[in-house]
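Participant: okay, predicted coordinates and the sequence, questions at the end:
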Amino acid sequence: MLEHLSKAIRNIIDKVSRSRIVDKQLLNSIIIDLQRALLMSDVNVNTVLQISENIREKFEKSKLPEGIDKRKYILKLIYDELINLLGGEYSEELKIQTGKTNIFMFVGIQGSGKTTTVGKVAYMLKKRGLKVGIVCADTFRPAALQQLRQLVKEYNIPVYGEEGGEDAVKIALNGIEHFRKQGVDVILIDTSGRHKEEKGLLEEMKKLASAVNPTEIILVIDASIGQQAYSQAKAFHEATPIGSIIVTKLDGTAKGGGCLSAVAATGARIKYIGTGERIWDLEKFNPPSFVRRITGMGDLRELSRKLEELLKEKELEEMKVDTSKILKGDFTIEEMVKYLESIRKFGRLKKIVSMLPFGHSVPDEILEKTEEDIGKWKYIIQSMTKEEKKHPEIVKRSRIARIARGAGVSEEDVKKLLNQYSLMKKMIKRLRKSRLRKMGLFKMIEGYGY
Ligand SMILES: Nc1nc2c(ncn2[C@@H]2O[C@H](COP(=O)(O)OP(=O)(O)OP(=O)(O)O)[C@@H](O)[C@H]2O)c(=O)[nH]1
Ligand SMILES: [Mg+2]
């Protein structure tokens, strides 16, 4: 499965690991290798460009602290992009709501594996104890109904169809009615893939979807479809919004990058993969294990997590503010901004406040500083003179206007920051005089480091 991509990515990993110098040149060559590998595996060119752009940007923007291995960082970026492309770290399954008739409509071109997949999904859900019914709304394929019945006959799963019927919409509605009466939990609708032309097929799917109003539309896509995967998935998605993807025949193809493109074209997640012709050959799709299979590196996920933790720790360290100064009320305006930014970023403030016996007396203005405010404040501070930063109270009106212009913010913003500073000083002083001090809670907050 996906042999080309696997091999190429393994070579890239090798190249990164063996390189002595990690610089722009290496990054460029890695990106070119990766692009080639993805394109060769039928990943759509826009997707490829997006991935490479993300990797380049993140690498160049990141100011890696000491102690972080750049080689590992590149591998992490590649891993993250592949996982991102597949919708995230975790598997997602079809959502079945209890106490409701869940209707899933399967679409896809001729031979993609719809009928087989309908059978597989029915079997899987039945095994979970759900009551399932299948509707055959394929009026094009000769003997479509027999094929379905044959597939599930041993498993006691009912199939509704109308021999010789021509109106797919009518059959679908009749089928739904039939199964609703029986109180099934899930109705799976198999649709046709054959049509004289693609436009006609898409039109029919549109009509069906609007008549049936399914809980979700599932696109069935053949892993070996190649470059057409992107345009095909996009066309279906435009006709009938795709909620999930099932990729079939992953057992038999060396390519399969097309499925990555289908995800990019629809924004939907791959939920299952077909890995054979038998009814139980359906697997839950798991992005990390898929990437592991492609890259051959089991520990990439672990590596990515560890690096993330390390980066966060370093960031925390860099942002650390001397809390004892803050708690003494002896802090500069710069230190205050840094402090508020750090507690905001690491979400400690609420926790600390909740420990205070009179938490509600902490002004909301302090608690609810938005990222936007803090972002502006940083610019404002940059526009202040050294003396002003030390003693913000000397900032006069005319200077407020100048500072605002220099920072590209409004005068109101500057005033807000200055007010915030004096408010926070007052508040800390009040707190120091209060019971809080006696209760030793100050120590506790200090212990938090924030
Ligand atoms: N190896 C393998 N074969 C599969 C898989 N899924 C489906 N097939 C085969 O692909 C062929 C086409 O499958 P169908 O389920 O009939 O496809 P369809 O989309 O319903 O086709 P139409 O109804 O003609 O549009 C059959 O021979 C299936 O056995 C899979 O995951 N692996
Ligand atoms: Mg079929």
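Facilitator: Yep, that arrived. Ligands and ions are numbered 1, 2, ... in the order given.
Participant: all contacts plus neighbour counts: C-alpha atoms, from now on.
Facilitator: OK.
Participant: where is the longest helix in the protein?
Facilitator: Secondary structure of the chain per DSSP state H: the longest helix is helix 411-433.
Participant: other SSEs contacting it?
Facilitator: helix 323-328, helix 371-382, helix 397-407 (3 or more C-alpha pairs under 8 Å, 6 or more residues apart in numbering; DSSP states H and E).
Participant: ok, which of those comes nearest ligand 1?
Facilitator: Ligand 1 lies closest, by C-alpha to the nearest ligand atom, to one member of the helices and strands packed on helix 411-433: helix 371-382, at 47.8 Å.
Participant: just checking, what packs against the following helix or strand past the closest one?
Facilitator: With elements assigned by DSSP states H and E, the helix or strand that comes after helix 371-382 is helix 386-390. Packed against helix 386-390, as judged by 3+ C-alpha pairs under 8 Å, 6+ apart, are the following elements: helix 333-345.
Participant: tell me the buried residues in the helix it packs on?
Facilitator: 333, 335-344 (16 or more other C-alpha atoms under 10 Å).
Participant: show me how far that helix is from its chain's centre.
Facilitator: Relative to its chain's centre, helix 333-345 lies at 29 Å (C-alpha atoms, centre = their mean, to the nearest Å).
Participant: before we move on, the earlier item: got the buried residues for the longest helix of the chain?
Facilitator: Within helix 411-433, judged by 16+ other C-alpha under 10 Å, the buried ones are 411, 413-415, 417-418, 420-421, 424-425, 428, 431-432.
Participant: of all those, which comes closest to residue 249?
Facilitator: residue 413 (59.1 Å; C-alpha to C-alpha).
Participant: just the pLDDT for that closest one.
Facilitator: Listed pLDDT for residue 413 reads 91.
Participant: ok, now how distant is it from residue 342?
Facilitator: In this structure, residue 413 and residue 342 are separated by 20 Å, where distance is defined by C-alpha to C-alpha, to the nearest Å.
Participant: one more: residue 326?
Facilitator: The spacing between residue 326 and residue 342, counted by C-alpha to C-alpha, is 13 Å.
Participant: then residue 432?
Facilitator: Counting by C-alpha to C-alpha, the separation of residue 432 from residue 342 is 22 Å.
Participant: likewise residue 274?
Facilitator: Counting by C-alpha to C-alpha, the gap from residue 274 to residue 342 is 47 Å.
Participant: ok, now residue 91?
Facilitator: Residue 91 is 33 Å from residue 342, where distance means C-alpha to C-alpha.
Participant: surely residue 377 touches residue 418?
Facilitator: No: when contacts are counted by C-alpha atoms under 8 Å, residue 377 is not listed as touching residue 418 (9.8 Å).
Participant: circling back to that earlier point, return the member of the buried residues of helix 411-433 nearest to ligand 1.
Facilitator: Compare each of the buried residues of helix 411-433 with ligand 1 using C-alpha to the nearest ligand atom and the shortest gap goes to residue 413, at 60.0 Å.
Participant: enumerate every residue touching the closest one.
Facilitator: Taking C-alpha atoms under 8 Å, 6 or more residues apart in numbering as the contact definition, residue 413 lies against 376-377, 404.
Participant: also near ligand 1: which of the residues you listed, exactly?
Facilitator: Checking those against ligand 1 by C-alpha under 6 Å from any ligand atom, not one of them is in range.
Participant: tabulate those residues (CSV), appending pLDDT, neighbour count and distance to residue 162.
Facilitator: As requested, those are arranged in CSV below (pLDDT from 0 to 100; neighbours: other C-alpha atoms under 10 Å; distance: C-alpha to C-alpha, whole Å):
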residue, pLDDT, neighbour count, distance to residue 162
376, 86, 19, 66
377, 86, 23, 69
404, 92, 21, 74
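Participant: just put those in CSV and tack on distance to residue 22.
Facilitator: As requested, the contacts of residue 413 are exported to CSV (distance: C-alpha to C-alpha, whole Å):
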residue, distance to residue 22
376, 35
377, 36
404, 42
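Participant: I'm done for today, thanks for sticking with me.
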